[in-house]
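Enquirer: okay, sequence plus prediction incoming.
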Amino acid sequence: MILEKKAPIDFQVRIGHVHLKVADLERAIGFYRDVLGFELMQRMGDQAAFLSAGGYHHHIALNTWESLDGEPPAFGTTGLYHHAIVYPSRAALADALRRLIAAGIGLEGAADHGVSQSLYLRDPDGNGVELYVDRPREAWPHTPDGKLAMYTRHLDLRALLAELPADKANEVPTTRDL
């Protein structure tokens, strides 16, 4: 099958909210609201909740419609790899890391991709979550011929935490695992 080359998608298109099936609504709300800091905008009884940053109708929706008391998908099956939450600055990402440490939530990884800096973890239902901050486009790495050259390198978590304002830096629990 030969496809005709089409014009690229409009550059203003963006990904909207993520809607996750969860096993325990209260536990999921606790993670997204109490750990990551999203605001609970609306609930639909004990079956669904809608959370947001900055008063938007919702960035994250949670429901138990098909998943109440369910198990995460088995390894090796298709589905969502992770959803990503973009932070406006390194200081905001550092605050997210501070929150995770305070809640005792471990990371699966932390990486500098050249275009962004990312923290990787799982929510209580096993969904992959990436918390990241973009670098300015003009700072993205490129090959000599101008193509994007993303990479994966170690992200220094101590240096990231150093971005916290003094009042929040004092709230970081002592940890040797960074």
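Expert: Happy to help now that I have it.
Enquirer: contacts and neighbour counts: CA atoms only from here.
Expert: Will do.
Enquirer: now the strands: where do they sit in this structure?
Expert: Under the criterion DSSP state E, the chain contains strands at 18-21, 39-44, 48-52, 60-63, 83-87, 109-112, 116-122, 128-134, 153-154.
Enquirer: make JSON lines out of those strands and add distance to Arg27 and mean neighbour count.
Expert: Listed next are the strands of the chain as JSON lines, based on distance: least, Cα to Cα, whole Å; neighbours: other Cα atoms under 10 Å:
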{"stretch": "strand 18-21", "distance to Arg27": "12", "mean neighbour count": "17"}
{"stretch": "strand 39-44", "distance to Arg27": "13", "mean neighbour count": "16"}
{"stretch": "strand 48-52", "distance to Arg27": "12", "mean neighbour count": "21"}
{"stretch": "strand 60-63", "distance to Arg27": "11", "mean neighbour count": "22"}
{"stretch": "strand 83-87", "distance to Arg27": "18", "mean neighbour count": "16"}
{"stretch": "strand 109-112", "distance to Arg27": "23", "mean neighbour count": "17"}
{"stretch": "strand 116-122", "distance to Arg27": "13", "mean neighbour count": "20"}
{"stretch": "strand 128-134", "distance to Arg27": "16", "mean neighbour count": "20"}
{"stretch": "strand 153-154", "distance to Arg27": "31", "mean neighbour count": "12"}
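Enquirer: using TSV, please lay out the ones you listed together with distance to Arg98.
Expert: Listed next are the strands of the chain as TSV, based on distance: least, Cα to Cα, whole Å:
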stretch	distance to Arg98
strand 18-21	24
strand 39-44	18
strand 48-52	20
strand 60-63	21
strand 83-87	14
strand 109-112	14
strand 116-122	12
strand 128-134	12
strand 153-154	18
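Enquirer: can you put those strands in JSON lines and add mean pLDDT and distance to Tyr32?
Expert: Conversion of the strands of the chain to JSON lines gives the following (pLDDT from 0 to 100; distance: least, Cα to Cα, whole Å):
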{"stretch": "strand 18-21", "mean pLDDT": "97", "distance to Tyr32": "11"}
{"stretch": "strand 39-44", "mean pLDDT": "98", "distance to Tyr32": "8"}
{"stretch": "strand 48-52", "mean pLDDT": "98", "distance to Tyr32": "8"}
{"stretch": "strand 60-63", "mean pLDDT": "98", "distance to Tyr32": "8"}
{"stretch": "strand 83-87", "mean pLDDT": "97", "distance to Tyr32": "11"}
{"stretch": "strand 109-112", "mean pLDDT": "98", "distance to Tyr32": "19"}
{"stretch": "strand 116-122", "mean pLDDT": "98", "distance to Tyr32": "11"}
{"stretch": "strand 128-134", "mean pLDDT": "98", "distance to Tyr32": "11"}
{"stretch": "strand 153-154", "mean pLDDT": "98", "distance to Tyr32": "26"}
